[in-house]
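Peer 1: sequence first, then the predicted structure, then my questions.
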Amino acid sequence: MDKENIAILRQSIIDSLPDIEPGIDFPMGRVYVPPSHIKALQPENTIVEGMRGAGKSFWTATLSSENHRHFIKNTFPNTNIEAVTRVSVGFGTETKDNYPSRPILESLREMTSTESEFSDIWRTVIINQIRSDSLFPKQGGWKEKYQWVRTNPELVEILLRNYDADLSNKKKFHFILFDALDRSALNWYKIRPLAKSLFQIALEFQSYRAIRLKLFVRPDMLDDKEITAFPDASKLLARKVILDWRKVDLYALFFQSMVNAKGKSGKVFRNLLEETIGMECQVTEREGIYTLPNELRKDESMQQKLFERIAGKYMTMPSATAYKRGFPYTWLPNHLMDCNEKVSPRSFCTAIRVAAEEDIPEKWEYPLYFEGIQSGVQTASKMRVIEMKEDYPWVEDVLKPCQVLSVPIEKKEIVDLWQKIGIVDTLRKKEKQKKEQKLLPQNLDEDEEGLLKDLENLGMISRMTKERIQIPDVYRVAFGMGRKGGIPILNDHVAIISMDDIVFANG
Amino acid sequence: MKKKIEFGDVLDKVADLLIKLLPDNILKDETVVVRDIYNRILILLKFDKNRKKEKQQLINDIENALKELGPYYRGESSVLCACDLYESDIWFKNQDILTFRRNDVEIKLLERQITGQDWLRPKTELHTIPRLAFYSFKGGVGRSTTVAAIAFLLAQSGKKVLVFDFDLESPGLASMLLPIENQPKYGIVDWLVEDSVDNVENHLLQDMAASSRLATNMDGNIKVIPAMGAKTDGERIDPCYLAKLSRIYADIPKQDGRIERFSDRLERLVIESEKSEKPDVVLIDCRAGLHDLSAGSIVRIADESFLFIVDTPQSWQGYRLLFSHWQQFPKEADIIRRNLKVVHALIPPKGHREKPFLDESYRLFQEILYDTISSGDTSQDEKIFWFDRNIEEAPHFPIGILWDEFLSEFDYHKFDNSDTQQKIKSNYDSLFKTVTKILEK
């Protein structure tokens, strides 16, 4: 590749992958719907599971935008969302007046003594989204509305049924989206009954045809028996859809963003793509947005071929033993994975963007250099750790003291350490004093074993056997733990010819 | 009662007493511990001759301390100085000296063994043609079939392939690639025997490699060097095979006074065959188990060794045994571990344990052959040999081969139909991809 195109593509990577929040301004060219997400958007699926960064809030925001729905309908026909004419948010990350905020929810809960009545809170939220000429105090405050729902169960039902029948005659759908339920209260004791009642409502609403609830939830919530154990819950949960990002999906997202880069740079990448994978599968264009050929969305070797044009073949200078250092295409996602083998698109895009910001050597013929990719991965990993600490501050309390340990860690080692410093008590005190604004470990009830369970659910540790704990490098390095290997580090590695240094004489 | 001293305790005990008695610099640079073929210990010291008195005192102290070794004590004169030795360089500059580690102290060790040394003698010479070894701890895991299949696929992709059957004690690979009437006159065993009396001529090398007809219509070709040569008449079985086999493992003294070890000779065989055949790639079917033949192939000759592992306790235990041996000699292990790659062999068609296999393989490498880093050290040094579990290019990350009824009873004649070829292609796809990447330069 010539110098000019290298420079154009490097700039294009930086410009195409900025870290921006979803919303009505989110560029269409960057919206990519992986196959598992197509199902999540379809009207018939209610429960959508996704880890942090998988796209729960992204889809909540994007589905709410009519322009984006129009784009998705055109570009990803299998989503079947052409009949979705209205989308409302029933709970989410933004503070808006179409749903009650956490403090308001708190005050509504105080109006009732029984948790079973919490479902009326969610009914109120739903009714509030429905335009109709009923007695529902549309203009009133949330307390008033809630009170009305509680005292008029029959009217509520008639209202919902009429609305549903009306819409469904027109063959239309109204989505009501729920996201970020872990922000619906300050601690798990309070979140659980609220979430449970929402799940129950979701089950109830499966009998409606046009009003469609969609709950975007984290896996830990679905694993929580106190939330999902109720009669017939399996009817709801058996059909859950997972927002997954496979390796091919991450690269498809990257390529999709690149073919849609503004101006000349998009053209340069589209030419590169055509040159690499041939004429038979081409980028298509509609309303100014380019779409990847189907094959390039799912064929790993085709993707790898294209990515080699961007990042070179190996994670080192070419030589006879270069393959032992790995290949950029697989190296990148593999080094970003957590214990659940998940990579968030944000981490992935950050790593590539940072890689493009790093210098390349004079004679390097690709836009990305392997050292740049390495530092990109380090930056993305650090950001991931910060994200985790933000979401789960207790993680730091629990793992920081472990810096004296080495992985793999025997369960007994870590439990003894936690007991010695009394971490479980410290966390419980925090909970009692309500000092902590963020959530504490969900399974704190089960003491140290509960902490392990929570860390495992977050993908920060894995259990090889029940007694042995693995921690991936991302988190091991962040918390300063050692590694227990079989060979001590040798000071004089250089004294011996290592295979990595042997270059085949003719090679 | 005091614990009885056993084989496994001896080196640690010797190390401890030397650390106690000898100054650091003498222990590091001027001491060699020898373990003779009867397992007993001899200490060699290369002293400065001037300080006779102190020297004698030290020798006596060590001599006395060595008595604690009980049955592993050689008796008087267990400590010798350079001046006591006829030709001290034979000992102090011996090619077989290893480094033994005890509590961060390095001690030179010379193991006098009948066999088994080749497991710790990694290759140091440069060569041009990639050599791939296929090894399994136990037999019957589809290793030879895999070698044949990979040779076939490589030839199909235009490569010139040279295949060695190093499974001398149960030869068989040749019959998968060559019909019986096509097998060459000589085999590896013939070369080893004739070479020991300097009787190898060019025609022997040429008559040792036969072309497989499987590659007739391909861009590449397959040359096979079998273990056994086929006589031209009768059953085509060499009646002297066993007699030859039992004589090939001895070390051969060379004219320049050097001793040529078995693995050196194997390596020379490979080099000379490479010179005469000029292949693009060399495939070696290794003998199973802890035999010198396998040691030579994995450690001495190959650039990459595929370790076939089936998911059974015996198999894991076997590799643990082998790796632990390397582990005791970190310098050698550091070279060897870089050339290993796990193959998950005989994967049952349904319900196999993919993740538990990865976990187990990770555990094996991590605990024995990957580096240790103390806690608190957050440096991410490139040189450190350590991988996370899910890193594909790491030695522990397995390449899978499915068990296939059809391919498990394999012979030359089955190759010749398109169904088989299709099957081979799909079943060995991931291994073939890895091999292809190794050959890409």
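Peer 2: Yep, that arrived.

Peer 1: give me the neighbour count for residue A:283.
Peer 2: 18 (other C-beta atoms under 10 Å in any protein chain shown). C-betas here are computed from N, CA, C, even on glycine.

Peer 1: for chain A, give me the ranges with low pLDDT.
Peer 2: Applying pLDDT under 70 to chain A flags the ranges A:133, A:279-281, A:434-438, A:490-507.

Peer 1: need the longest helix for it.
Peer 2: Ranked by number of residues, the top helix in chain A under DSSP state H is helix A:370-391.

Peer 1: the nearest residue to residue B:337 once chain neighbours are set aside: neighbour count?
Peer 2: Spatially, and ignoring its direct neighbours in sequence, residue B:337 is nearest to residue B:369 (4.4 Å; C-beta to C-beta, 6 or more residues apart in numbering or on different chains). Residues near residue B:369, counting by other C-beta under 10 Å, number 24.

Peer 1: I figured residue B:369 hits residue A:487, correct?
Peer 2: Yes - counting by C-beta atoms under 8 Å, residue B:369 does reach residue A:487; the two are 6.3 Å apart.

Peer 1: domain assignment for the chain?
Peer 2: I'll assume chain A. Structural domains annotated on chain A: A:35-242, A:247-388, A:392-483, as defined by automatic domain parsing.

Peer 1: wait, I meant chain B there
Peer 2: If you go by automatic domain parsing, chain B breaks into B:7-112, B:119-370+B:380-439.

Peer 1: quick check, central residue of the chain?
Peer 2: Here I'm looking at chain A. Nearest to the mean C-alpha position of chain A, by C-alpha atoms, centre = their mean, lies residue A:54 at 1.7 Å.

Peer 1: other chain: chain B
Peer 2: residue B:295 (2.3 Å).

Peer 1: pull the residues that contact the host helix or strand of that residue.
Peer 2: In the assignment (DSSP states H and E), residue B:295 maps to helix B:292-295. Helix B:292-295 is contacted by residues B:115-119, B:121, B:135, B:166-169, B:249, B:262-263, B:266, B:286-288 when judged by C-beta atoms under 8 Å, 6 or more residues apart in numbering or on different chains.

Peer 1: those in strands, which ones?
Peer 2: residue B:135 (DSSP state E).

Peer 1: buried ones from the contacts of helix B:292-295, can you make that a ChimeraX selection?
Peer 2: In ChimeraX, this line selects whichever of those come out buried by 16 or more other C-beta atoms under 10 Å in any protein chain shown:
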select /B:117,118,119,121,135,166,167,168,249,262,263,266,286,287,288
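
Peer 1: for residue B:164, give me its contacts.
Peer 2: B:188, B:225, B:270, B:273, B:282-285.

Peer 1: just to revisit the earlier point, for residue B:304, which of the domains of chain A is the nearest?
Peer 2: Nearest to residue B:304 among the domains of chain A is domain A:247-388 (8.5 Å), distances taken as C-beta to C-beta.

Peer 1: helix, strand, or coil at residue A:485?
Peer 2: coil (DSSP: H, G, I helix; E, B strand; the rest coil).

Peer 1: distance check, it against residue A:407.
Peer 2: Going from residue A:485 to residue A:407 by C-beta to C-beta, to the nearest Å gives 10 Å.

Peer 1: got it, and residue B:287?
Peer 2: From residue B:287 to residue A:407 the distance is 36 Å (C-beta to C-beta).

Peer 1: export stretch A:454-462 to CSV, keeping only CA atoms.
Peer 2: Taking C-alpha atoms only, stretch A:454-462 is exported to CSV below (Å, rounded to 0.1, in the frame of the first residue of the first chain):
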residue,chain,number,x,y,z
ASP,A,454,-20.3,-12.6,41.5
LEU,A,455,-16.8,-12.2,40.1
GLU,A,456,-17.4,-15.3,38.0
ASN,A,457,-20.6,-13.9,36.6
LEU,A,458,-18.8,-10.7,35.7
GLY,A,459,-16.3,-12.7,33.7
MET,A,460,-13.4,-11.5,35.9
ILE,A,461,-12.5,-14.9,37.2
SER,A,462,-13.1,-18.4,36.1
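
Peer 1: residues of the stretch 251-400 of chain A that sit close to chain B?
Peer 2: By the rule C-beta under 8 Å from any C-beta of the partner chain, the part of the stretch 251-400 of chain A lying against chain B is A:313, A:318-321, A:323-327, A:330-331, A:334-335, A:337, A:341, A:378.

Peer 1: now do 6 Å
Peer 2: Residues of the stretch 251-400 of chain A found near chain B (C-beta under 6 Å from any C-beta of the partner chain) are A:320, A:323, A:326, A:330, A:334, A:337.

Peer 1: the fourth one: what's it in contact with?
Peer 2: Neighbouring residues of residue A:330 by C-beta atoms under 6 Å, 6 or more residues apart in numbering or on different chains: residue B:392.

Peer 1: ok, and it, which helix or strand is that part of?
Peer 2: Counting by DSSP H and E, residue A:330 is part of helix A:328-334.

Peer 1: please confirm that residue B:343 is located within a strand.
Peer 2: Yes - per three-state DSSP, residue B:343 lies within a strand segment.

Peer 1: residues of the helix holding residue B:295 that come out buried?
Peer 2: Under 16+ other C-beta under 10 Å, the buried positions of helix B:292-295 are B:292-295.

Peer 1: now do stretch B:31-46
Peer 2: In terms of neighbour count (16+ other C-beta under 10 Å), stretch B:31-46 has its buried residues at B:31-35, B:40-46.

Peer 1: same check on stretch B:261-272?
Peer 2: B:261-267, B:269-270, B:272.
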